[in-house]
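**Student:** Provided below are the primary sequence and the corresponding predicted coordinates.
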Amino acid sequence: MYLRYGSYTHALQEARVTITRHPLRDAAGVLYGYRERWLIEGRMVAADAGAISAALTELESAYSIGDLDLVLLLPDGVTESSHHLMSAACIGGTKIAQPVSYPLGAGAEYSTFRTYSVAIEGDVPLAPSQSPILAWQETLAFSGTGGPRIVAIECRNGPPQMQTVSQRTPVRVVQSGRAVGYRQYPAPPGPIWPALEQADLRRVHLTSPRTSGSGASRDLEHFEIIWSYSFLSPVALAGWPHSQP
């Protein structure tokens, strides 16, 4: 078998390829894609150390950039096998997960052969058009019960005097949360008690997404939104934070 990365092709049977797939799940544990990693281990063979050096320079140059297709070819060197990692199918393209490394240095290494390893990976979504929610959390913070307000009046002499200045007090609640969308900003839930919301205190924050990849396959992911609603009520309120939609 031959292995091709971009326009670079390894010699026949030179490289051993191990392919692993790590599941990608949203905040509810639902699978939305996988991270595919190709670990490439091989032995470069040449006539002498000079030829080995030139071949390794070419190898390192080939694996110095991401965003290229990785394909395992059949023994004819032309026909593509079922194993391939196409940059266009990956969010942000293919990436260099481990640069070219040389794990062995003993014996006759770098005489007429050199052992090397390199790893390429890419995140492959199961449904490219979807934007699963990667993180979700909402909190309700209650302040007060609606009961009386008691204050301590300091005296010039003697201990403070406790006085009830209000028989009933307002109840305050803050509904706040955070969500992260994979490919776009999620829609925040609405206020739980819209008639009691202090609209001037509403807060919505958008965090810039992360850049993934480079070149033509450069993409954006992890869109975070944070929200906060404040409520003022004459009586105690009861409610539950929203669960992930």
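**Tutor:** Everything's here; your move. Numbers count the residues shown, from 1 in each chain.
**Student:** so which strand or helix has the spatially most distant residue from the centre of the chain?
**Tutor:** Distance to the chain centre peaks in the chain at N157, reaching 63.2 Å (criterion: C-alpha atoms, centre = their mean). Using DSSP states H and E, N157 falls within no helix or strand.
**Student:** also L56?
**Tutor:** Here L56 is assigned to helix 49-62, by DSSP H and E.
**Student:** output the helix or strand harbouring V165 as CSV - backbone C-alpha positions only.
**Tutor:** Here V165 is covered by strand 161-166, with elements defined by DSSP H and E. Output of strand 161-166 as CSV, limited to C-alpha atoms (Å, rounded to 0.1, in the frame of the first residue of the first chain):
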residue,chain,number,x,y,z
GLN,A,161,-31.8,48.2,68.9
MET,A,162,-33.5,45.9,66.4
GLN,A,163,-36.4,47.5,64.5
THR,A,164,-38.8,46.3,61.8
VAL,A,165,-38.9,49.0,59.2
SER,A,166,-40.9,47.1,56.5
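**Student:** quick one: contacts for A89?
**Tutor:** 122, 124 (C-beta atoms under 8 Å, 6 or more residues apart in numbering). C-beta coordinates here come from the backbone N, C-alpha and C atoms, glycine included.
**Student:** redo that, cut-off 10 Å
**Tutor:** 36, 69, 122-125, 128, 217 (C-beta atoms under 10 Å, 6 or more residues apart in numbering).
**Student:** if we can go back for a sec, which strands and helices lie in contact with the helix or strand just after the helix holding L56?
**Tutor:** Next along the chain after helix 49-62, taking DSSP H and E as the criterion, comes strand 70-73. Contact here means 3 or more C-beta pairs under 10 Å, 6 or more residues apart in numbering; DSSP states H and E; on that basis strand 70-73 packs against strand 2-5, strand 15-25, strand 31-45, strand 80-85, strand 113-125.
**Student:** with distance to H242, mean neighbour count and mean pLDDT added, can I get those strands in CSV?
**Tutor:** Shown next, in CSV, are the helices and strands packed on strand 70-73 (distance: least, C-beta to C-beta, whole Å; neighbours: other C-beta atoms under 10 Å; pLDDT from 0 to 100):
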stretch, distance to H242, mean neighbour count, mean pLDDT
strand 2-5, 46, 21, 95
strand 15-25, 20, 14, 96
strand 31-45, 21, 18, 95
strand 80-85, 38, 13, 94
strand 113-125, 26, 20, 95
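**Student:** and of those strands, who's closest to A135?
**Tutor:** Closest to A135 of the helices and strands packed on strand 70-73, according to C-beta to C-beta: strand 15-25, at 11.4 Å.
**Student:** partners of the closest one, with directions?
**Tutor:** strand 31-45 (antiparallel) (DSSP bridges).
**Student:** now the partner strand, how far from the chain's geometric center?
**Tutor:** For strand 31-45, the separation from the chain centroid amounts to 19 Å (computed by C-alpha atoms, centre = their mean, to the nearest Å).
**Student:** that one versus helix 49-62: what angle between them?
**Tutor:** 160 degrees (axes from the mean of the first three to the mean of the last three C-alpha atoms, to 10 degrees).
**Student:** can you put the contacts of A89 in JSON lines and add distance to V171?
**Tutor:** Shown next, in JSON lines, are the contacts of A89 (distance: C-beta to C-beta, whole Å):
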{"residue": "E36", "distance to V171": "52"}
{"residue": "D69", "distance to V171": "60"}
{"residue": "G122", "distance to V171": "51"}
{"residue": "D123", "distance to V171": "46"}
{"residue": "V124", "distance to V171": "49"}
{"residue": "P125", "distance to V171": "45"}
{"residue": "P128", "distance to V171": "46"}
{"residue": "S217", "distance to V171": "52"}
